[in-house]
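Novice: next one to model:
(one chain, ligands or ions: 2)
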Amino acid sequence: MPGGDQELGSYYVGVDVGTGSVRAALVDQRGILLAFADQPINQWEPQFNHHEQSSEDIWVACCIVTNKVVQGIDLNQIRGLGFDATCSLVVLDKQFHPLPVNHEGDSHRNIIMWLDHRAVNQVHRINETKHSVLQYVGGVMSVEMQAPKLLWLKENLRETCWDKAGHFFDLPDFLSWKATGVTARSLCSLVCKWTYSAEKGWDDSFWKMVGLEDLVADNYSKIGNQVLPPGTCLGNGLTPEAAKDLGLPAGIAVAASLIDAHAGGLGVIGADVRGHGLACEGQPVTSRLAIICGTSSCHMGISKNPIFVPGVWGPYFSAMVPGFWLNEGGQSVTGKLIDHMVQGHAAFPELQAKATARCQSIYAYLNSHLDLIKKTQPVGFLTVDLHVWPDFHGNRSPLADLTLKGMVTGLKLSQDLDDLAILYLATVQAIAFGTRLIIEAMESAGHSISTLFLCGGLGKNPLFVQMHADITGMPVVLSQEVESVLVGAAILGACASGDFASVQVHLCFCEV
Ligand SMILES: Nc1ncnc2c1ncn2[C@@H]1O[C@H](COP(=O)(O)OP(=O)(O)O)[C@@H](O)[C@H]1O
Ligand SMILES: O=C(CO)[C@H](O)[C@H](O)COP(=O)(O)O
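Specialist: Residues are numbered from 1 along each chain as shown. Ligands and ions are numbered 1, 2, ... in the order given. Down below sits the predicted model:
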């Protein structure tokens with residue numbers, strides 16, 4: 001965060017709500033992380049492909065982690081707060097109380113998560129309209145976006161949810177509302193998940209054509225009719241009530257939010273890499289692809305002019321870096337797929353026992369086990385006759401086909417730890433090949449990508465990083481600060497405070 005004229009000793013708090021946990025960090029004016037805390041969050045899967053969370057649970061987790069990271073510091077030094085979160089749909093009634101998004105009527109579960117695929121029929125009908133807004137989501141709307149989920153609620157929970165609803169928020173916007181009482185939405189969420197255009201606003205004809213004309217009738221008050229760029233200071237800042245919950249001073253600046261992948265992208269893509277001897281030094285920022293790898297992977301590439309990439313979301317104007325167009329490729333399950341493959345294997349209990357005995361994570365153990373069994377060949381060759389197709393939850397990009405399923409070929413009768421390690425390797429390789437397909441699609445449409453900037457939980461796995469470098473043939477740059485998504489969130493708070501005019505960041509890097 002260069003160029004600020006703020007006093008030394010100013011701090012910013014970033015809060016990152018991922019799929020599996022909430023994290024907070026205290027960050028100083030150089031972008032250095034001084035304190036970190038995390039807290040797991042609940043998920044419910046009441047039926048196959050229905051994934052739900054609770055906005056109350058998530059707020060409580062935000063409060064726990066924020067209170068922890070500011071312990072022991074002078075609260076007067078905290079100047080700003082920024083949130084990022086997954087793009088899940090939060091439903092509240094007209095008095096801002098949670099409404100159920102399920103047939104059981106459990107209003108605690110008031111979030112349809114981003115990876116929920118209940119609205120298959122609805123998204124199919126939306127895509128059949130071939131409406132022009134679909135050009136800006138790669139030509140095909142994803143079931144993971146908000147319009148199909150809203151239509152599902154209208155068609156399936158009319159009385160218990162739809163008719164009572166007063167506010168539909170993207171999760172990042174719910175958090176900024178909860179902190180400030182301001183219902184303005186971030187340009188990032190509305191552009192990327194709700195079909196809003198930064199240049200033209202809402203398109204009434206789309207909502208009318210898909211059967212959601214009621215949202216137009218009340219001038220979009222339920223889904224947002226005040227839209228602000230990420231990093232804009234909201235209202236009068238942190239309310240006294242939210243300040244008490246979070247353990248922060250009332251009135252500090254709170255920023256309009258970002259979706260989590262976009263915060264990660266912001267945390268790494270504009271980095272000043274001078275002096276580290278990196279191959280990308282001197283190359284334009286548009287040659288960088290930020291990949292944010294957690295439960296899912298998101299591939300964020302920016303351009304000066306709009307680029308239409310079939311099967312890749314966008315182009316979205318100013319949704320991540322102001323003044324640039326964004327294309328967002330993605331794989332719906334990556335970390336979740338690796339966990340699924342490893343935890344479902346017959347040798348998983350043995351793996352857990354052996355990793356625990358060595359005080360290692362299961363992934364560190366598996367990586368060293370692969371090194372043991374690879375003999376003289378490079379580790380990647382262990383999978384010459386075992387292959388995984390990774391679309392266990394459909395394909396987000398570039399095929400944009402939610403009906404696709406996963407596949408494993410080359411299985412044998414044995415199920416020992418060697419087999420588990422090799423299956424894990426094949427899964428990681430399949431995910432990296434998916435990234436390569438996304439890059440190829442982006443390049444055929446006009447992007448020119450030469451370096452990958454990787455962050456998120458999977459960035460902590462050296463095998464995952466190395467396979468991405470080997471399979472794409474591109475250098476992978478990692479931030480020395482592994483929690484880049486949190487740095488992105490804190491940058492928002494720093495901008496909202498007025499201490500910084502831009503969202504650029506200085507970090508240290510190493511190259512794979
Ligand atoms: N140290 C690590 N080594 C290997 N994998 C890791 C490590 N830490 C996290 N992961 C993997 O990263 C994924 C979660 O990443 P994270 O960014 O925390 O997700 P989310 O933001 O979706 O909650 C999980 O699949 C987990 O197994
Ligand atoms: O759609 C997305 C971003 O546009 C993400 O996939 C979604 O927000 C989940 O993120 P994560 O895998 O980090 O939990």
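Novice: what about Phe193, how many neighbours?
Specialist: Just so we're on the same page, residue 193 is Lys rather than Phe. When counting by other C-beta atoms under 10 Å, one arrives at 26 neighbours for Lys193. C-beta: built from backbone N, CA, C; applies to glycine.
Novice: same deal with the one 3 residues further on?
Specialist: As a burial measure, the neighbour count of Tyr196 was computed by other C-beta under 10 Å and equals 23.
Novice: what's the answer for Asp245, then?
Specialist: Counted by other C-beta under 10 Å, the residues lying close to Asp245 total 19.
Novice: cool, Lys412 as well?
Specialist: The burial count for Lys412: 9, using other C-beta under 10 Å.
Novice: likewise for Gly294?
Specialist: 24.
Novice: now do the contacts for it.
Specialist: Counting by C-beta atoms under 8 Å, 6 or more residues apart in numbering, Gly294 touches Gly18, Thr19, Gly20, Asp260, Thr334, Gly335, Gly456, Gly457, Leu458.
Novice: may I see those organised as JSON lines, with pLDDT, distance to ligand 2 and neighbour count added?
Specialist: Shown next, in JSON lines, are these (pLDDT from 0 to 100; distance: C-beta to the nearest ligand atom, whole Å; neighbours: other C-beta atoms under 10 Å):
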{"residue": "Gly18", "pLDDT": "97", "distance to ligand 2": "4", "neighbour count": "22"}
{"residue": "Thr19", "pLDDT": "97", "distance to ligand 2": "3", "neighbour count": "22"}
{"residue": "Gly20", "pLDDT": "96", "distance to ligand 2": "7", "neighbour count": "17"}
{"residue": "Asp260", "pLDDT": "97", "distance to ligand 2": "5", "neighbour count": "30"}
{"residue": "Thr334", "pLDDT": "98", "distance to ligand 2": "8", "neighbour count": "29"}
{"residue": "Gly335", "pLDDT": "98", "distance to ligand 2": "7", "neighbour count": "22"}
{"residue": "Gly456", "pLDDT": "96", "distance to ligand 2": "6", "neighbour count": "27"}
{"residue": "Gly457", "pLDDT": "96", "distance to ligand 2": "8", "neighbour count": "21"}
{"residue": "Leu458", "pLDDT": "97", "distance to ligand 2": "9", "neighbour count": "24"}
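Novice: just the buried positions in the helix ranked longest in the chain, please.
Specialist: Of all segments of type helix in the chain, defined using DSSP state H, the longest is helix 417-445. Buried residues in helix 417-445, counted by 16 or more other C-beta atoms under 10 Å: 417, 419-435, 437-439, 441-442, 445.
Novice: got it, and stretch 163-174?
Specialist: Within stretch 163-174, the residues that count as buried by 16+ other C-beta under 10 Å are Lys164, Ala165, Gly166, His167, Phe168, Phe169, Asp170, Leu171, Pro172, Asp173, Phe174.
Novice: and it, end to end?
Specialist: For stretch 163-174, the first and last residues are 20 Å from each other (C-alpha to C-alpha, to the nearest Å).
Novice: and for stretch 407-420?
Specialist: 16 Å.
Novice: what's the helix or strand for Val487?
Specialist: Using DSSP states H and E, Val487 sits in helix 484-497.
Novice: what is that helix packed up against?
Specialist: Helix 484-497 sits against strand 11-17, strand 21-28, strand 33-40, strand 78-85, strand 253-254, strand 258-259, helix 260-269, with contacts defined as 3 or more C-beta pairs under 8 Å, 6 or more residues apart in numbering; DSSP states H and E.
Novice: got the angle for it vs strand 11-17?
Specialist: Interaxial angle of helix 484-497 relative to strand 11-17 (axes from the mean of the first three to the mean of the last three C-alpha atoms, to 10 degrees): 130 degrees.
Novice: now helix 484-497 and strand 78-85, what's the angle there?
Specialist: Using the same axes, to 10 degrees: helix 484-497 against strand 78-85 is 130 degrees.
Novice: picking up where we left off before, out of the buried residues of stretch 163-174, what pair is the most spread apart?
Specialist: Lys164 and Pro172 (23.4 Å; C-beta to C-beta).
Novice: one step back: and the buried residues of stretch 163-174, which is closest to Gln53?
Specialist: Of these, the one sitting nearest to Gln53 (C-beta to C-beta) turns out to be Leu171, at 8.4 Å.
Novice: contacts only, for the closest one.
Specialist: With C-beta under 8 Å, 6+ apart, Leu171 has these contacts: Val17, Ser55, Ile58, Ala85, Thr86, Cys87, Ser88, Leu89, Val90, Ile111.
Novice: quick check: the residue of the stretch 351-500 of the chain nearest ligand 1.
Specialist: Here the stretch 351-500 of the chain gets closest to ligand 1 at one residue, Gly457, 2.1 Å apart by C-beta to the nearest ligand atom.
Novice: got TSV for the helices and strands packed on helix 484-497, with distance to ligand 1 too?
Specialist: Shown next, in TSV, are the helices and strands packed on helix 484-497 (distance: least, C-beta to the nearest ligand atom, whole Å):
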stretch	distance to ligand 1
strand 11-17	7
strand 21-28	5
strand 33-40	8
strand 78-85	10
strand 253-254	21
strand 258-259	11
helix 260-269	6
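Novice: using a markdown table, please lay out these together with distance to Leu134.
Specialist: Shown next, in a markdown table, are those (distance: least, C-beta to C-beta, whole Å):
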| stretch | distance to Leu134 |
| --- | --- |
| strand 11-17 | 28 |
| strand 21-28 | 33 |
| strand 33-40 | 36 |
| strand 78-85 | 25 |
| strand 253-254 | 33 |
| strand 258-259 | 20 |
| helix 260-269 | 21 |
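Novice: ranking those by mean pLDDT, which is last?
Specialist: The weakest mean pLDDT among these belongs to helix 260-269, with a mean of 94.
Novice: tell me, how many residues neighbour Lys460?
Specialist: The local packing of Lys460 (other C-beta under 10 Å) involves 16 other residues.
Novice: again, but for Gly488
Specialist: 32.
Novice: got a list of what it touches?
Specialist: Contacts of Gly488 by C-beta under 8 Å, 6+ apart are Gly14, Gly82, Asp84, Leu258, His262, Ala263, Gly264, Gly265, Leu266, Gly267, Val268.
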